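1. curious how this folds, go ahead:
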Amino acid sequence: MAYPQILDATLVKSACHVNGIWHFWPEVPRQDVLNPSDRTKIAEVPLAVYDQASFAIDAAQAALADWRGRLATERAEILSRWDQLIRAHADTLAAIVTPEQGKPLREAKGEVIYGADFFRLAADEATH
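-> This is a model prediction of the structure:
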């Protein structure tokens, strides 16, 4: 699908990201993602079911052991870096959200920044 506003179209994935890998799961049915403003297809995503959800949960539980073993300052640095990355790419992320949600670009960017605020808050709290 073409995203004329998006500077880096490789950011749009029609897959599930689990344990650092994009999983396309060809055996799983897919669902179209439509732009609500004009009903054009902008992507399709896998309809992950029990097996895929279980796989993702197992991966998250395995990653938790590593996360718990990190120092609070290291966790804060990782969360802070996510905040910085989201803010650095806010325009591109907003351009992805706009056709997906059917909302104005300005509102979408505000939503992206709002999401980044949670990473900033979590980074601040990680050391307390």
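2. for the residue most central in space within the chain, list the residues it contacts.
-> Among the residues of the chain, His17 comes closest to the average C-alpha position under Cα atoms, centre = their mean, at 8.6 Å. With contact taken as Cβ atoms under 8 Å, 6 or more residues apart in numbering, His17 is in contact with His23. In this view, the C-beta of every residue, glycine as well, is placed from N, C-alpha and C.
3. what about it, which helix or strand?
-> strand 16-18 (DSSP states H and E).
4. which residues does Val45 bridge with?
-> Note on Val45: beta-bridge partners by DSSP bridges are Gln31.
5. and the pLDDT for it?
-> On pLDDT, Val45 comes in at 89.
6. so it sits against Val28, correct?
-> No - Val45 lies out of contact with Val28 (Cβ atoms under 8 Å); the separation is 9.6 Å.
7. after the strand holding His17, next one along is what?
-> That would be, after strand 16-18 and using DSSP H and E, strand 21-23.
8. for the record, mean pLDDT for that next one?
-> Strand 21-23 comes out at a mean pLDDT of 93.
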